[in-house]
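1. Sharing a model that was predicted from the sequence below.
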Amino acid sequence: MPAEAGSPVSYSLLLGDTRLPMNELLGQSVRLDFDGVIRCINCDRKTSKSFSQGFCFPCFRKLAACDTCIMSPEKCHYHEGTCREPEWGETHCMVEHVVYLANSSGLKVGITRGTQVPTRWIDQGAVDAIPMLRVATRQLAGFVEVACKQHVADRTNWRTMLKGEAPEMDLAQERDRLLALIADDLAALQAEHGEDAIRPVSEDALGLSYPVSVWPEKVKTHNLDKAQTAEGVLQGIKGQYLILDTGVINIRKYTGYEVRFRVFPNS
């Protein structure tokens with residue numbers, strides 16, 4: 001679901017060539033029906049199972065976007081000349097990245113390309129996020145993240161995020177605290193890669209709000225692989241989740257699935 005920062009965040013749902021505004025559907029009954037067909041988002045072949053959120057197995061095995069270094073950027077092997085797709089690596093990995101702190105279900109550290117701010121934060125359901133460092137490459141961002149993970153989590157508790165239970169915190173203060181804790185690690189990385197390869201920033205935190213009318217007390221999930229229909233009253237949207245009165249559904253998980261989406265306006 002493409003999203004744009006705002007008060008609240010504005011969501012759309014991509015259905016083929018159609019872009020459906022979602023915020024205005026809050027309070028209405030919606031239904032998703034999976035037709036049983038999954039197509040690879042790269043080569044468009046039919047596949048019985050989706051890998052890495054939308055790819056068939058052959059593409060999963062050959063594309064750089066599906067390599068292990070995507071989940072563990074410190075394992076990037078572009079410099080060894082073994083990148084699956086060097087041109088893709090040049091445009092996605094050998095470019096400036098941001099190491100940031102976000103508050104989705106509590107404090108976490110993350111990395112993203114500079115061009116993906118604030119999209120990445122919205123996708124994680126962050127209520128606040130702040131840049132901490134700008135670094136020269138994805139791998140270097142991964143090295144910094146590894147150092148940070150000794151002191152702060154690197155994952156979101158998605159159930160807590162969907163309950164709207166993120167605690168209030170001063171991210172600028174947390175940034176200063178974490179930078180002090182990893183000062184020796186940063187100095188070692190700068191000595192090896194150059195001082196300009198890792199640059200602290202003093203940008204302000206960004207607050208985000210989401211179109212949610214009712215937060216779920218208990219988080220139940222819809223799974224289109226098990227039950228091919230998910231329906232209910234749309235009560236909110238956060239991250240990449242639709243929050244229905246019958247449960248939540250992670251829309252990104254079903255990228256490449258052929259579904260019918262229907263709206264039943266209130267009478």
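-> Yes, it's here.

2. what's around Arg45, how many residues?
-> Counted by other C-beta atoms under 10 Å, the residues lying close to Arg45 total 11. C-beta: built from backbone N, CA, C; applies to glycine.

3. That one contacts Arg39, doesn't it?
-> Yes: between Arg45 and Arg39 there is a contact under C-beta atoms under 8 Å: 6.9 Å.

4. OK, contacts around the residue lying closest to Gly207 once chain neighbours are set aside?
-> Counting by C-beta to C-beta, 6 or more residues apart in numbering, Asp128 is the residue found nearest to Gly207 once chain neighbours are left out, at 5.4 Å. Contact partners of Asp128, counting by C-beta atoms under 8 Å, 6 or more residues apart in numbering, are Ala102, Asn103, Ala166, Met169, Leu171, Ala205, Leu206, Gly207, Leu208.

5. Rank the residues you listed by pLDDT and give me only the lowest.
-> By pLDDT, Ala166 ranks lowest within those, coming in at 89.

6. Verify the assumption that Tyr210 is located in a helix.
-> No: if the criterion is DSSP: H, G, I helix; E, B strand; the rest coil, then Tyr210 is coil and not within a helix.

7. Which residues are in contact with Ser48?
-> Taking C-beta under 8 Å, 6+ apart as the test, what Ser48 contacts is Ile38.

8. Now do the phi/psi pair for it.
-> Per-residue torsions, Ser48: phi -80, psi -20 (degrees, to the nearest 10).

9. Now do it against Asn42, distance only.
-> Going from Ser48 to Asn42 by C-beta to C-beta, to the nearest Å gives 16 Å.

10. ditto for Leu20
-> Distance from Leu20 to Asn42, by C-beta to C-beta: 24 Å.

11. out of these two, which sits in the more crowded spot?
-> Using other C-beta under 10 Å as the criterion, Leu20 and Asn42 rank with Asn42 on top: 17 against 14.

12. Which helix or which strand is home to Val233?
-> Element membership of Val233 [criterion: DSSP states H and E] is strand 229-238.

13. can I assume Gly239 is in contact with Asp123?
-> Yes: Gly239 is within contact range of Asp123, at 6.0 Å (criterion: C-beta under 8 Å).

14. how near is the residue most central in space within the chain to His222?
-> Closest residue to the average C-alpha location of the chain: Asp123 at 4.1 Å, with C-alpha atoms, centre = their mean. Look at Asp123 and His222: by C-beta to C-beta, they are 19 Å apart.

15. Sounds good, over and out.
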